[in-house]
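[1] next comes the sequence, and after it the predicted model I'd like to discuss.
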Amino acid sequence: MAAPAIAIPAILFALAHIPRSLASGSDLGTIVYFSLLTSLVTVVILRTTHESRDIIWLGVLHYFMDIAIGAFG
């Protein structure tokens, strides 16, 4: 049951970044690579949260993701 709960947010999170990539003029290869990387990071975060059973991971890891996105933005 955890697989859909992890896969769906990962896909949605990756898709949410596509408009910004298109607006910045990124080529298709870069968009695909960034989408795969974003999905993978989301899967790792949600899997870690699921395995640890500690919801505080969501806040801590989301903060780190915001810093990482800001570094590339």
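    Cool, got the structure. Numbers count the residues shown, from 1 in each chain.
[2] tell me the contacts of the residue lying closest to residue 46 once chain neighbours are set aside?
    Excluding the flanking residues, the one nearest residue 46 by Cβ to Cβ, 6 or more residues apart in numbering is residue 6, at 4.5 Å. (C-beta placed from N, C-alpha, C; glycine too.) With contact set as Cβ atoms under 8 Å, 6 or more residues apart in numbering, residue 6 has these partners: 42, 43, 46, 47, 50.
[3] poorly predicted segments of this protein, please.
    Scanning the chain for pLDDT under 70 picks out 1, 71-73.
[4] at 90 instead, please
    1-22, 24-27, 29-31, 34-35, 37-39, 41-73 (pLDDT under 90).
[5] and after the helix or strand hosting residue 21, which helix or strand comes next?
    In the assignment (DSSP states H and E), residue 21 maps to helix 18-23. Following helix 18-23 in sequence order, the next helix or strand is helix 28-52 (DSSP H and E).
[6] run the chain-centre distance for the helix or strand that that following helix is followed by.
    Once the chain leaves helix 28-52, the next helix or strand it forms, by DSSP H and E, is helix 56-72. With Cα atoms, centre = their mean, to the nearest Å as the basis, helix 56-72 stands 10 Å off its chain's centre.
[7] same check on stretch 54-67?
    Centre-to-centre, stretch 54-67 and its host chain are 12 Å apart (Cα atoms, centre = their mean).
[8] buried ones in it?
    The neighbour-count check on stretch 54-67 (16 or more other Cβ atoms under 10 Å) flags 57, 61 as buried.
[9] related to what we said a few turns ago, narrow the contacts of residue 6 to just the buried residues.
    42, 43, 46.
[10] quick check: the gap between the spatially closest residue to the first one that is not a sequence neighbour and residue 70.
    Right, residue 42. Using Cβ to Cβ, 6+ apart and skipping the chain neighbours, the partner closest in space to residue 42 is residue 10 (4.0 Å). Per Cβ to Cβ, to the nearest Å, residue 10 is found 20 Å from residue 70.
[11] for these two, indicate the residue with more neighbours.
    residue 10 (20 against 8; other Cβ atoms under 10 Å).
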